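1. how does the following fold in three dimensions:
(2 chains)
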Amino acid sequence: MVSAATFHVVTTELVVGTFALAGLCFAFKLLSTFNILSNSKVDGALDNIAHGALLFGLLSLPFAILSGVNSAGVGESGFISALLVNKLWLSFAGLGLAIGVLVSRWKVGNDIWNETKSSIIQSTFGMAACGAILLTASVGGKFARGESLLDILHLPYDLVLLMPIWLSIILLISGLANFAIAIRANSSQ
Amino acid sequence: MSTMRVKAALILCLLLLSTNLGAAEPGGVGDGIYDMQCGGACHGDSDQNATSSASLIITTESTIYAGQATTFTLQVDQLTNSPYVPIGLFLLSDTTGYRDTPQDIGWQILSDSNGAVNNYIEMTGLVDGDTIDWVLRAPEVGNYTFFASIHHGGYDVPHFGISQAYNVEVLQIPDNLPRLSSQFVPIVAREVGEQTNFQLTTEDADTVVVEWRIDGGVANQAIVTGDAVNGFVVELPTANQPSTMQWRALLGGEGPQQTTPWFTLVTNEQSFSIDATAVYLQAISVLIFFAGLTVLLQTRNRTTTQNEEEKSYDLIASTVSEEGGVL
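-> As a prediction, the model looks like this:
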């Protein structure tokens, strides 16, 4: 039987690899929006790779989160470190951004790249999803090995960004309201 | 195009060839119970290890009784590669790399120098002549062999070293020997500000004196209450900062006086605690919020664009109809 820690390593490698690839493609798409390094031949491929990689990463992400929670023993001893808390909410933020980006691409279609504003939103949120996941991986490195590639940035990993429950509930309601408005706007078209 | 592909392939090959074959964990893997070489987890392929210059010497007390605690002291010298931290040190029962921990031959680790019960510990700031201790409870009477091993980095190569075999003979307990109960398990870690009282279970001991010291300093006497019939209760002083305390018991009775090994008690910062419900709720809220925000922004943007297009269409249509044209 493969242990949760080993399974976590495998799944995180899949997630980080695919999200990093997607993030790179979104960065090129953003540059392309401003006619920097723009190439009509590769634009379509970048769109496909960005969303394809993001989808694959998205499928692996729940397994990475669950195996991570299991291997860190959160179920038995709770969150023993601020790093674990930051890892959890950052990975969920990345998951949410990735879902939003993919749903938007699915609903709007290829037209999403035809306009500057939507193109900027799409590529920026795609890159933000990638950033959240890479930051999560960096915190993971700090937790497991005591160091990470992003140590050069001196990020406050030990600082817990925990909202009060009431604020989380407001955020949750606000997110659900956003979805409802989006669905309504979409169905009225 | 094909030239580009060849160039790309060449660059990829160059990148692959320039990778380092060393596969160590430069930040260490943390203390734990590991076989020699950690099953390859820490230093990758053991064939790529360089030999460490370190000399490792194990010593124990001269007499070890079955079921009683004893100290294994490991002295490390000739650490020419010592700037590379951390340094990993093992206490092993053989060198096969499989089921070779002291536990595998029936010994129980009661404490290590880092305030836990591991056979592999990582140390920083170790210099020549430094020693580290493991306190182990001996199993049944017999002869046993131990090894110490070292893992560390240096010059981009993982280093590995192993000590000479160290033989230990475990003897039968003499009659009436004042001793700790074979069920006694010492506390190895506590938190800052935590009061430390524990029951010291003994056998054939009429009097108990407990000494404690900080980092090998002067020994002080701890408060011991109770008696041989009801049991002895030891109270160790509370620590107000992270530190390492050692304590031992001097047991008196009908037999010869016995002194236990120095047990290590590490005081850590107060452990992290947080409301798990709030963490999970925040994570789910953040997920829903960002997903909803992204979809909303794109949908609204699309709606606005379509409305503007419809307005432009209406404007053109009305202009054309006013001019009597056909649209």
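2. how much space between the closest residue to B:Ala50 other than its chain neighbours and B:Ile33?
-> The shortest distance from B:Ala50 to any residue other than its chain neighbours is 4.5 Å, reached at B:Val157 (CB to CB, 6 or more residues apart in numbering or on different chains). Glycine gets a C-beta too; all of them are placed from N, C-alpha and C. When CB to CB, to the nearest Å is applied, the distance between B:Val157 and B:Ile33 equals 26 Å.
3. so which strand or helix has the residue nearest to B:Ala50?
-> Following DSSP states H and E, one finds B:Val157 outside all helices and strands.
4. that one - how many residues pack around it?
-> 17 (other CB atoms under 10 Å in any protein chain shown).
5. then A:Phe79?
-> 24.
6. distance check, it against chain B.
-> According to CB to the nearest CB, to the nearest Å, A:Phe79 and chain B sit 5 Å apart.
7. look up how far A:Phe143 lies from that residue.
-> From A:Phe79 over to A:Phe143 the distance is 11 Å, taken as CB to CB.
8. please apply the same query to B:Val286.
-> Taking CB to CB as the measure, B:Val286 and A:Phe143 are separated by 19 Å.
9. neighbour count winner among these two?
-> B:Val286 (27 against 19).
10. so where does that one fall, helix or strand?
-> In this structure, B:Val286 sits in helix B:276-322 according to DSSP H and E.
11. run through the chain and note the low-pLDDT ranges.
-> As the question left the chain open, I've gone with chain A. Under the criterion pLDDT under 70, the flagged ranges of chain A are A:1, A:188-189.
12. not what I meant, chain B
-> Confidence mapping of chain B against pLDDT under 70 gives the ranges B:1-2, B:18-27, B:37-48, B:81-84, B:305-311, B:313-314, B:317, B:320, B:322-327.
13. for it, what lies in contact range of chain A?
-> Contacts of chain B with chain A, taken as CB under 8 Å from any CB of the partner chain, map to B:25-30, B:271-274, B:276-303, B:305-306.
14. buried subset of the residues you listed?
-> The neighbour-count test (16 or more other CB atoms under 10 Å in any protein chain shown) applied to the residues of chain B next to chain A identifies B:25, B:27-30, B:274, B:278-299, B:301-302, B:305 as buried.
15. how close does whatever residue of chain A ends up closest to chain B get to A:Ala22?
-> For chain A, the nearest residue to chain B under the criterion CB to the nearest CB is A:Gly100, separated by 2.6 Å. Distance from A:Gly100 to A:Ala22, counting by CB to CB: 13 Å.
16. kindly report the same for A:Gly109.
-> A:Gly109 sits 18 Å away from A:Ala22, going by CB to CB.
17. neighbour count: the two, which is higher?
-> Neighbours around A:Gly109 and A:Ala22, counted as other CB under 10 Å, are more numerous at A:Ala22. The numbers are 27 against 11.
18. do stretch A:5-25 and chain B meet?
-> No: applying CB under 8 Å from any CB, one finds stretch A:5-25 out of contact with chain B, separated by at least 10.0 Å.
19. ranges for the helices of the chain?
-> Since you didn't name a chain, this refers to chain A. Along chain A, the segments classed as helices by DSSP state H run A:4-33, A:40-71, A:74-77, A:82-108, A:116-145, A:165-187.
20. should've been chain B
-> With DSSP H applied, chain B shows helices at B:2-17, B:276-322, listed in chain order.
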